[in-house]
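Participant: Provided below for reference: sequence and predicted model.
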Amino acid sequence: MKLPIYLDYSATTPVDPRVAEKMIPYLTEHFGNPASRSHAYGWEAEDAVERAREQVAALINADAKEIVWTSGATESNNLAIKGAANFYSGKGKHLITLKTEHKAVLDTMRELERQGFEVTYLDVREDGLLDMEVFKQTLRPDTILVSVMFVNNEIGVIQPIAEIGEICRERGIIFHVDSAQAAGKVEIDLQKLKVDLMSFSAHKIYGPKGIGALYVRRKPRVRLEAQMHGGGHERGMRSGTLPTHQIVGMGEAFRLAKEEMASENTRIRALRDRLLAGLTTMEAVYINGDMEHRVPHNLNLSFAYVEGESMIMAIKDIAVSSGSACTSASLEPSYVLRALGRPDELAHSSIRFTIGRFTTEEEVDYTIKLICSKVGKLRELSPLWEMFQEGIDLNTVQWAAH
Amino acid sequence: MAYSDKVLDHYENPRNVGSFGKDDGSTVGTGMVGAPACGDVMKLQIKVNAQTGLIEDAKFKTYGCGSAIASSSLVTEWVKGKTLDEALNIKNTQIAEELALPPVKIHCSILAEDAIKAAVDDYRKKNAS
């Protein structure tokens, strides 16, 4: 067993060796520019790019012509949100998103506010899911765009994309979905889902970093204002020479996901349930986010009375992430957990475990043992644990905030 | 975050962890500083010899990051054998320097200094009459 054990698959995944193998020839042998129309080097690269486009489209039941290559989900989110907001700004200036979205969406929205748009950031319920009634009440005649992520990166909950899509389509509102954490984990059928724009990333699904895609619906047609100008690549929506090897890698990663998703999800769910069962033998461990509408890969737990960063230090043998302030540059605890209405101390005590393709049962068992022992040790050190054991309600204590 | 060897040492082998018993009464001063919502709470206890006026023992418990744990562990070592006034002279800058805390962790040393003040205050209040 290799240490540290990698349980941070939502941060990034290793490139599947089968993917890497497909990519290599496009760095050395088939190095042509897919935009070169005048010789075989170019044709060969173009063929590879178009094959990959079909592979990506196949996983999400879309048409290959609806796929635009980008550098990753951040760029896809920027292109979708800024591109659509700018194009349709004549119709209205109101945009809607969730407080629990990824920063690539939230910061893009902030930028649009500076440009004169009005953005509503919706609260989510305690389980992390969007309340559809609240959503419906927020819609206005001048709402032009709604952006909601498919699967949350921190707590793994699956938002009601199909329902939101129906409402948006009825009212002629453009609907963008960030699916960086969803592809290969949940079924995505764009013939059924009324989604207009959808962002993807390769490196969350065993492909390489630095490549992503934006799905842009053709029927009914969605228009975007380009954010990157240049040679008019990708039908003018995103200029820049296509990185053939990255694209080949993303295509192969999506092809493998389509083939293996069903069996992989079953296996990963069993590992996740094993991890959960093992860790909840301890007292005062809380699950963050709904367990039913959630991808099987994610487990986000708060170990009450233990601070997240000290936990991370104690469990150096496993690679996980924490919602604690101390692990972030901003010294703020996770805004996602805060949006669930979790008390700050539970956000400080949270650990996100994300399981993936190469996680083994042995690794899960080692993790359970290590976490239980370290939580025990840190609780012995914790004055809050001592107070809890003495039956003191910590909410009644007057703390000197600093 | 890269930690200094001293922080790691105190974190892995914290000194003087624990609490004094309730029956130690007025010989013990307790300082509890910080807040759970901010991600750190330190409890520092000093046991004072009424005859000599010296702090003869100290214990701590800390909820917080590695630097917070190390700062409070270090302080329990430093206050032992000191008078109350000497203990009050321990400055956060000395703690931060000893542990080579990065700027973002200076607040941990400030909290430790506050904990000493709170513990001494508590002892003095109990023994004021």
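Facilitator: Everything's here; your move.
Participant: In the helix or strand hosting A:Glu260, which residues are buried?
Facilitator: Here A:Glu260 sits within helix A:244-279, counting by DSSP states H and E. Using 16 or more other CB atoms under 10 Å in any protein chain shown as the test for burial, helix A:244-279 gives A:244-258, A:261, A:264-265, A:268, A:271-272, A:274-276, A:278-279. Quick note: C-beta positions are derived from backbone N, CA and C, even for glycine.
Participant: Against which helices or strands is that helix packed?
Facilitator: helix A:17-23, helix A:25-28, helix A:40-59, strand A:298-303, helix A:361-381 (3 or more CB pairs under 8 Å, 6 or more residues apart in numbering or on different chains; DSSP states H and E).
Participant: got the ones you listed as CSV, with distance to chain B and mean neighbour count columns?
Facilitator: Below are the helices and strands packed on helix A:244-279 laid out as CSV (distance: least, CB to the nearest CB, whole Å; neighbours: other CB atoms under 10 Å in any protein chain shown):
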stretch, distance to chain B, mean neighbour count
helix A:17-23, 31, 16
helix A:25-28, 34, 14
helix A:40-59, 37, 19
strand A:298-303, 11, 24
helix A:361-381, 6, 18
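Participant: What helix or strand is A:Gly92 located in?
Facilitator: Here A:Gly92 is assigned to no helix or strand, by DSSP H and E.
Participant: Could you tell me what pLDDT the model assigned to the residue nearest to it when sequence neighbours are not counted?
Facilitator: In this structure, A:Gly92 finds its nearest non-sequential neighbour in A:Asp142, 3.2 Å apart by CB to CB, 6 or more residues apart in numbering or on different chains. Note for A:Asp142: predicted pLDDT of 98.
Participant: So which bits of chain B are right by chain A?
Facilitator: B:1, B:3, B:11, B:14, B:17, B:19, B:32-43, B:61-66, B:68-69, B:104, B:107, B:110-111, B:114 (CB under 8 Å from any CB of the partner chain).
Participant: Narrow those to just the buried residues.
Facilitator: Buried by 16+ other CB under 10 Å: B:3, B:11, B:14, B:17, B:32-43, B:61-66, B:68-69, B:107, B:110-111, B:114, out of the residues of chain B next to chain A.
Participant: so of these, which ones are in helices?
Facilitator: Among those, DSSP state H puts B:11, B:66, B:68-69, B:107, B:110-111, B:114 in helices.
Participant: Just the closest of those residues to B:Ala128, please.
Facilitator: Closest approach to B:Ala128 among these (CB to CB): B:Asp114, at 20.8 Å.
Participant: Tell me who's in contact with the nearest residue to A:Lys22 once chain neighbours are set aside.
Facilitator: Excluding the flanking residues, the one nearest A:Lys22 by CB to CB, 6+ apart is A:Glu252, at 4.5 Å. By CB atoms under 8 Å, 6 or more residues apart in numbering or on different chains, the residues touching A:Glu252 are A:16, A:18-19, A:22-23, A:52, A:55, A:207.
Participant: Need the residues you listed in CSV (columns: distance to A:Leu98).
Facilitator: What follows is the contacts of A:Glu252, written out as CSV (distance: CB to CB, whole Å):
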residue, distance to A:Leu98
A:Asp16, 31
A:Arg18, 35
A:Val19, 32
A:Lys22, 36
A:Met23, 35
A:Ala52, 31
A:Gln55, 30
A:Gly207, 26
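Participant: Now pLDDT too, for the residues you listed, in CSV please.
Facilitator: Listed next are the contacts of A:Glu252 as CSV, based on pLDDT from 0 to 100:
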residue, pLDDT
A:Asp16, 98
A:Arg18, 98
A:Val19, 98
A:Lys22, 98
A:Met23, 98
A:Ala52, 98
A:Gln55, 98
A:Gly207, 98
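Participant: where along chain B do the strands fall?
Facilitator: B:28-35, B:40-48, B:55-63 (DSSP state E).
Participant: Would you mind giving those strands as a markdown table with mean pLDDT added?
Facilitator: Below are these laid out as a markdown table (pLDDT from 0 to 100):
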| stretch | mean pLDDT |
| --- | --- |
| strand B:28-35 | 94 |
| strand B:40-48 | 95 |
| strand B:55-63 | 96 |
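Participant: Compile those into TSV and extend it with columns for distance to A:Thr359.
Facilitator: Formatted as TSV, these follow (distance: least, CB to CB, whole Å):
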stretch	distance to A:Thr359
strand B:28-35	36
strand B:40-48	33
strand B:55-63	30
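Participant: which one of the ones you listed lies closest to A:Leu381?
Facilitator: Comparing these under CB to CB, the one sitting nearest is strand B:55-63, at 5.8 Å.
Participant: helices or strands up against that closest one?
Facilitator: helix A:361-381, helix A:383-389, strand B:40-48, helix B:66-79.
Participant: tell me the angle the third one makes with helix B:66-79.
Facilitator: To tie it back to what came earlier, the one meant is strand B:40-48. Put simply, strand B:40-48 runs at 10 degrees to helix B:66-79, going by axes from the mean of the first three to the mean of the last three CA atoms, to 10 degrees.
Participant: so how far is strand B:40-48 from its chain's centroid?
Facilitator: Between the mean C-alpha location of strand B:40-48 and the chain-wide mean there is a distance of 5 Å, by CA atoms, centre = their mean, to the nearest Å.
Participant: could I get it in CSV with only the CA atoms?
Facilitator: Output of strand B:40-48 as CSV, limited to C-alpha atoms (Å, rounded to 0.1, in the frame of the first residue of the first chain):
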residue,chain,number,x,y,z
ASP,B,40,-9.3,27.8,18.4
VAL,B,41,-9.9,27.6,22.1
MET,B,42,-7.1,27.4,24.7
LYS,B,43,-7.5,26.4,28.3
LEU,B,44,-4.4,27.1,30.4
GLN,B,45,-4.3,26.2,34.1
ILE,B,46,-1.6,27.3,36.6
LYS,B,47,-1.1,25.8,40.0
VAL,B,48,0.5,28.3,42.4
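Participant: From the contact counts, what lies against it?
Facilitator: Going by 3+ CB pairs under 8 Å, 6+ apart, strand B:40-48 lies up against helix A:383-389, strand B:28-35, strand B:55-63, helix B:66-79, helix B:106-126.
Participant: For the ones you listed, please prepare a markdown table with the additional fields distance to A:Phe117.
Facilitator: Formatted as a markdown table, the helices and strands packed on strand B:40-48 follow (distance: least, CB to CB, whole Å):
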| stretch | distance to A:Phe117 |
| --- | --- |
| helix A:383-389 | 43 |
| strand B:28-35 | 37 |
| strand B:55-63 | 42 |
| helix B:66-79 | 42 |
| helix B:106-126 | 37 |
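Participant: Check the ones you listed for me and report the most buried one.
Facilitator: Most buried of these, by mean neighbour count (mean count of other CB atoms under 10 Å in any protein chain shown): helix B:66-79, with a mean of 26.
Participant: contact partners of that helix?
Facilitator: Contacts of helix B:66-79 (CB under 8 Å, 6+ apart): A:307, A:309-310, A:313, A:381, B:3, B:6-11, B:14-17, B:34, B:40, B:42, B:44, B:46, B:55, B:58-60, B:62, B:87, B:90, B:95, B:98-99, B:101, B:105, B:108-109, B:111-112, B:115-116.
Participant: Following element in sequence after the helix holding A:Glu260, please.
Facilitator: Next element after helix A:244-279 (DSSP H and E): strand A:285-287.
Participant: For B:Pro26, give me the pLDDT.
Facilitator: No Pro there; residue B:26 is Ser. pLDDT at B:Ser26 comes out at 86.
Participant: Quick check, it in contact with B:Arg124.
Facilitator: No: in this structure B:Ser26 lies outside contact range of B:Arg124 using CB atoms under 8 Å: 10.7 Å.
Participant: any low-confidence regions in the chain?
Facilitator: Just going to use chain A. For chain A, the stretches flagged by pLDDT under 70 are A:324-332, A:401-402.
Participant: Let me rephrase: I mean chain B.
Facilitator: B:1, B:129.
Participant: If we use 50, what do you get?
Facilitator: Low-confidence segments of chain B (pLDDT under 50): none present.
Participant: where does the residue lying closest to A:Asn300 once chain neighbours are set aside sit relative to A:Phe303, distance-wise?
Facilitator: The shortest distance from A:Asn300 to any non-neighbouring residue, by CB to CB, 6+ apart, is to A:Asn288 (4.2 Å). As defined by CB to CB, to the nearest Å, A:Asn288 lies at a distance of 11 Å from A:Phe303.
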